[in-house]
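S.K.: 3D, please:
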Amino acid sequence: MKNELFYALTESPPTDAVKEKPAVIIISQKDQYYANIVIRNIIKEDSCRIPLIVLSDILYYKKSSLQSLKFYIRKSGISYTGAMIEKQLILSFLCRMHRVFPKLTGDSFESFEKAAKGKGIEILHENDLEKPAFIDKIRKHSPDYILSVYSRQIFRKPLLQTPRMHCINIHPSILPKDRGVSPIFWAMSRGENLVGATLHTMQESVDTGTILAQTKLEVKEDDTEHGLYYKLSVISSAMINNFFRNDEEFIKNSQEMGSGCNYNSIPTREAFLKLKKNNRRLFTIRQL
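M.R.: This is a model prediction of the structure:
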C-alpha cells in the first residue's frame with residue numbers, strides 16, 4: 001500500500017471531506033529567488049489562507065550584512081563567496097528586469113508580491129523574530145501553521161508555540177541527512193547522485209522534528225547547484241500545497257526523523273575544490 005507520507009507532486013492522499021483551508025503565515029527571505037518560486041506557487045494554488053508573509057534580509061543568523069560577508073569570505077574563501085554574490089546579482093537584475101520586460105525573462109522571475117497584493121496579503125519586513133511585539137502580531141492572526149521557506153532565522157520557543165498546529169519548514173535535503181546550511185552544495189561536493197526535499201515540523205534545534213512529506217531527485221550529469229535548487233523549489237511548492245489540502249492525513253502518517261546524521265555548516269574552501277574536481281558547478285550564466 002502506498003504510504004501517504006510520500007505524496008509529493010500532483011497526488012494527494014484521498015479524502016471525501018471538504019475541509020476549511022488552514023491559516024498559514026509564511027516566514028522567508030527578502031529577494032530569495034528559490035523562496036520566491038515556492039511562495040508564488042503556494043499563493044497561486046490557493047491551498048491555504050495566508051494573512052501575512054514575513055521577510056528578513058539577514059545573510060547569517062545574528063550577524064549584520066557586513067559581518068556576514070566577512071564571515072563567508074573567512075570560512076568559504078573569496079572564490080566561492082564571489083561566485084554566490086555574482087549569482088545573486090544576476091538573479092536580482094533579472095527579477096527587476098521582469099517587471100519591465102516580462103516576456104524576455106520568463107515566468108520564473110515573476111515576484112510573489114504581485115500575487116500577494118492581488119489577494120490582500122500583508123507583507124512585513126522583520127529581522128527580529130524574537131521581540132514580543134512581533135510575536136504579538138503573529139498571535140493576532142491566529143495561524144494554524146507558520147511555514148518557513150528558506151529562512152535563515154532560527155525559530156525560538158515563543159514563535160514555535162504560536163500556531164495552533166505546528167511551525168513547519170521545507171528543507172532541501174533528504175532529512176535527517178544533511179541538516180544545516182547549503183545541503184545541495186554538500187551533496188554535490190561529496191559526489192552524490194541523489195538529493196531531495198523534506199517538509200517537517202520544527203523544534204528549537206535546527207532541521208529536527210517529524211517528517212511530514214519527503215521527495216527525492218536524481219542528480220544528472222549536467223545539473224548545477226542552481227538547477228537542482230530550482231527543480232526542488234518547484235517540487236517543494238507542490239508538496240506543501242498537497243500538505244495544506246490534507247494536513248490531518250499527512251500528520252497522521254508522519255514519521256520520526258531520527259538522529260545521528262550529519263550537520264553541515266557553510267561551505268568551506270576545501271569542499272568547493274572537491275565540488276569542482278567532481279566536475280560540478282554552482283551555476284552557468286546561460287542557465288540563469
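
S.K.: Wasn't Ser148 part of a strand?
M.R.: Yes - counting by DSSP: H, G, I helix; E, B strand; the rest coil, Ser148 is found in a strand.

S.K.: Surely it touches Ser28?
M.R.: Yes - counting by CB atoms under 8 Å, Ser148 does reach Ser28; the two are 7.3 Å apart. (Glycine included, C-beta is placed from N, CA and C.)

S.K.: Could you tell me how far the helix ranked longest in the chain lies from the centre of the chain?
M.R.: Looking across the chain with DSSP state H, the single longest helix is helix 65-100. Its chain's C-alpha centre and that of helix 65-100 lie 18 Å apart, by CA atoms, centre = their mean, to the nearest Å.

S.K.: can you check stretch 192-210 too?
M.R.: For stretch 192-210, the distance to the chain centre is 11 Å (CA atoms, centre = their mean).

S.K.: now stretch 274-284
M.R.: Distance of stretch 274-284 from the chain centroid (CA atoms, centre = their mean) equals 22 Å.

S.K.: which outside residues touch that stretch?
M.R.: 80, 83-84, 87, 185, 188-191, 223-227 (CB atoms under 8 Å, 6 or more residues apart in numbering).

S.K.: mind listing what's buried in that stretch?
M.R.: Residues Lys274, Leu275, Arg280, Arg281, Leu282, Phe283 are the ones in stretch 274-284 that count as buried (16 or more other CB atoms under 10 Å).

S.K.: returning to what we had before: and the longest helix of the chain, what does it pack onto?
M.R.: Contacts defined by 3 or more CB pairs under 8 Å, 6 or more residues apart in numbering; DSSP states H and E place helix 65-100 against helix 33-45, helix 102-105, helix 269-277.

S.K.: same thing but 6 Å
M.R.: Packing partners of helix 65-100 (3 or more CB pairs under 6 Å, 6 or more residues apart in numbering; DSSP states H and E): helix 102-105.

S.K.: now the helix it packs on: how far from the chain's centre is it?
M.R.: Relative to the centre of its chain, helix 102-105 is centred 25 Å away, using CA atoms, centre = their mean.

S.K.: mean confidence for that helix?
M.R.: Average pLDDT, helix 102-105: 79.

S.K.: Send me whichever helix or strand comes after it as PDB with only the CA atoms.
M.R.: Remark: after helix 102-105, the chain's next helix or strand is helix 112-118, criterion DSSP states H and E. Taking C-alpha atoms only, helix 112-118 is exported to PDB below (Å, rounded to 0.1, in the frame of the first residue of the first chain):
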ATOM      1  CA  PHE A 112       5.200  36.600  -5.500                       C
ATOM      2  CA  GLU A 113       4.500  40.100  -4.200                       C
ATOM      3  CA  LYS A 114       2.200  40.800  -7.200                       C
ATOM      4  CA  ALA A 115       0.100  37.800  -6.500                       C
ATOM      5  CA  ALA A 116       0.100  38.600  -2.700                       C
ATOM      6  CA  LYS A 117      -1.100  42.100  -3.200                       C
ATOM      7  CA  GLY A 118      -3.900  40.800  -5.500                       C
END
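
S.K.: And the next helix or strand past helix 112-118?
M.R.: Sequence order places strand 122-125 as the next helix or strand after helix 112-118, per DSSP H and E.

S.K.: Residues contacting the helix or strand following that following strand, please?
M.R.: Of the helices and strands lying after strand 122-125 in sequence (DSSP H and E), the nearest is helix 132-140. Residues from elsewhere that reach helix 132-140 (CB atoms under 6 Å, 6 or more residues apart in numbering): Glu126, Pro158, Thr162.

S.K.: if we can go back for a sec, make TSV out of the contacts of stretch 274-284 and add pLDDT, distance to Leu94 and neighbour count.
M.R.: Shown next, in TSV, are the contacts of stretch 274-284 (pLDDT from 0 to 100; distance: CB to CB, whole Å; neighbours: other CB atoms under 10 Å):
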residue	pLDDT	distance to Leu94	neighbour count
Tyr80	95	22	23
Ala83	95	17	17
Met84	93	16	18
Lys87	93	11	17
Phe185	97	22	24
Met188	96	23	25
Ser189	96	27	23
Arg190	95	30	13
Gly191	95	30	13
Asp223	96	20	20
Thr224	97	16	17
Glu225	97	17	23
His226	96	12	19
Gly227	96	15	19
